[in-house]
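Engineer: just a sequence and a predicted model for now, questions to come.
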Amino acid sequence: MLKFKAVWLTRPCRTLSILTVLLIGLVVIPPDSRAFAATEYAVFTLNQDFDELTRSKARMLYRGKAKSLQGKRIELSDWPETSTERSEFYQSLLGKDVAQMNAYWASLSFSGKARPPKEIGNANVNTLIAWLIEKPNRIGYAPLDEVPSEAKVLYVVSKEK
């Protein structure tokens with residue numbers, strides 16, 4: 001019959017040392033600024049002709065219920081699926097997580113009712129800006145403090161709303 005020993009009981013000093021190093025690492029290492037989610041997101045465009053949005057209209061756009069603003073068909077952007085920005089934005093604006101929104105957009109896309117927002121290549125505001133510059137009818141979202149000064153903020157989404 002085999003006897004099993006709890007290694008952590010026979011080597012308490014080594015286990016304690018490892019735990020101490022891990023704990024110190026968590027306390028001493030400065031946190032990444034991206035680890036702290038933004039509290040506000042801006043739905044914005046580089047087209048100064050668009051009017052500001054109401055909460056209802058912003059929600060309609062990102063649920064595929066509205067496809068145009070001021071008579072112009074618009075294109076929406078989305079952050080990469082695994083990004084914090086995407087998760088926080090949908091939770092704040094629509095009260096949905098990324099998986100729920102993916103399923104929702106798949107349903108709309110399959111039925112031909114709407115196309116999902118265009119996913120930008122990487123989680124970077126500069127990538128989003130480059131995409132927005134290509135056509136004046138494009139709209140995106142980003143943490144409010146990362147929106148460039150030349151952009152027109154259409155709506156500010158905050159967790160409190």
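Structural biologist: Alright, I've got the coordinates. Numbering: from 1, shown residues only.
Engineer: for stretch 46-63, buried residues please.
Structural biologist: 46-47, 50, 53, 57-59, 61-63 (16 or more other CB atoms under 10 Å). (C-beta placed from N, C-alpha, C; glycine too.)
Engineer: contacts for it, please.
Structural biologist: 43, 65-66, 69-70, 72, 74, 76, 90, 93-94, 104, 117, 129, 132-133, 136-139, 150-155, 157, 161 (CB atoms under 8 Å, 6 or more residues apart in numbering).
Engineer: restricted to strands, list these.
Structural biologist: 43, 69, 72, 76, 138-139, 152-155, 157 (DSSP state E).
Engineer: low-confidence ranges, this structure, go.
Structural biologist: Scanning the chain for pLDDT under 70 picks out the ranges 1-38, 160-161.
Engineer: coming back round to it: want to throw the ones in strands among the contacts of stretch 46-63 into JSON lines with neighbour count?
Structural biologist: Formatted as JSON lines, these follow (neighbours: other CB atoms under 10 Å):
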{"residue": "V43", "neighbour count": "23"}
{"residue": "L69", "neighbour count": "19"}
{"residue": "K72", "neighbour count": "12"}
{"residue": "L76", "neighbour count": "18"}
{"residue": "R138", "neighbour count": "18"}
{"residue": "I139", "neighbour count": "24"}
{"residue": "K152", "neighbour count": "16"}
{"residue": "V153", "neighbour count": "13"}
{"residue": "L154", "neighbour count": "21"}
{"residue": "Y155", "neighbour count": "20"}
{"residue": "V157", "neighbour count": "25"}
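Engineer: from the residues you listed, which two are the most distant?
Structural biologist: Put simply, by CB to CB the two of the ones in strands among the contacts of stretch 46-63 set farthest apart are K72 and V157, 22.0 Å from each other.
Engineer: and the helices in this structure?
Structural biologist: 7-10, 12-28, 55-61, 84-94, 98-111, 125-134 (DSSP state H).
Engineer: now do the contacts for P117.
Structural biologist: Taking CB under 8 Å, 6+ apart, we find P117 in contact with 62, 75-78, 105.
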